[in-house]
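Undergrad: Fold the following for me, if possible:
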Amino acid sequence: MIIETLTPAATLAALGEGGYTLSLQTKKVTYEYKGNVVYQTYADTLKVRGDEPPPDEVYSGMHEHAVYLKAAVAVSDPPVAWIAETVRRYITGEQTEINRGGKKVHVSVTLDSLASNIVAFLELDRVRHLTAVRSAIRDELSRKDLARKISRRAPRTITVREDDKPPKCKKEPYQVRQRRLKDEEDAGLEYERLVAERLQRWEESRRK
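TA: As a prediction, this is how the structure comes out:
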C-alpha cells in the first residue's frame, strides 16, 4: 500500500483538525565549567496526544517533517520563558539592548536570528535544518490569531549579552549525580523500547 506523504504545513493542519495536541518536552543537559556543574535546557521529544492514532498519511508526515513540527510548536507554545519572550519581541518589533564589543547597541529580533535560536534549542545541525525551521516559524507566526495572542503577552525581562559566561553554581553531589544518571539511562532504554515497538506495529500494519 502506497501512503501519500503530506506537506509539512498540511501535516500540522491535519493534526489540529483531528483534535490532536502537540507539546514540546524539554531536558536538562549538564556540563562542567571551571569545576562547577551548569545546566542548560534543550528541547527533547515532541508529544502528540489524541483519542486515537492518527491516519497513516498523517503518521507518515509526522516522521517525515518532525523538525518542522518541533519548530512550529517551539514558537506557538514555547516550553521555556526566553523563547516565549524572544518570539514576542519578534512579533512586536521591540528592540533589545545588548553589549557588543563593550558598547551598548539596540537590535531587533529578525526571522533569521529567531530561527538560529530555535535550531540551537532543538539541537539541530544549522546547515541541514535552518531552512525547515525558518519555514515553520514563518508559517506558524503568519497566523493572525496567534500573532495577536503573542503580542498581548506581558513583557518579560531577559538579559542578553554576547560575552556572557556560564553562570556559577554549586557542584552536583556525587550521589545525586549517580541517581540522575541512572534515571536518565532507564528513561533512555524505555524510550528505545517504545520506539522499537512502534516501528514493529508500523511494519505489521503496512504488510496488511
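Undergrad: Burial check on residue 38, number of neighbours?
TA: By other Cβ atoms under 10 Å, the residues close to residue 38 number 16. To be clear about C-beta, it is placed using only N, CA and C from the backbone, and glycine gets the same treatment.
Undergrad: Where does it sit: helix, strand or coil?
TA: strand (DSSP: H, G, I helix; E, B strand; the rest coil).
Undergrad: which stretches of this structure form strands?
TA: Secondary structure of the chain (DSSP state E): strands located at 21-33, 36-49, 95-100, 103-108.
Undergrad: Return the most buried member of those.
TA: strand 36-49 (a mean of 15; mean count of other Cβ atoms under 10 Å).
Undergrad: what's that strand packed up against?
TA: Counting contacts by 3 or more Cβ pairs under 8 Å, 6 or more residues apart in numbering; DSSP states H and E, strand 36-49 packs against strand 21-33, helix 66-76.
Undergrad: and it, what's its mean pLDDT?
TA: Computed over strand 36-49, the mean pLDDT rounds to 85.
Undergrad: what lines up beside that strand in the sheet?
TA: Using DSSP bridges, the strands paired with strand 36-49 are strand 21-33 (antiparallel).
Undergrad: Now do the partner strand and helix 66-76, the angle between them.
TA: Relative orientation of strand 21-33 versus helix 66-76 (axes from the mean of the first three to the mean of the last three Cα atoms, to 10 degrees): 90 degrees.
Undergrad: Run through who's touching strand 21-33.
TA: Applying Cβ atoms under 8 Å, 6 or more residues apart in numbering, the contact partners of strand 21-33 are 15, 37-50, 69-70, 73-74, 77, 79-80, 165-166, 172.
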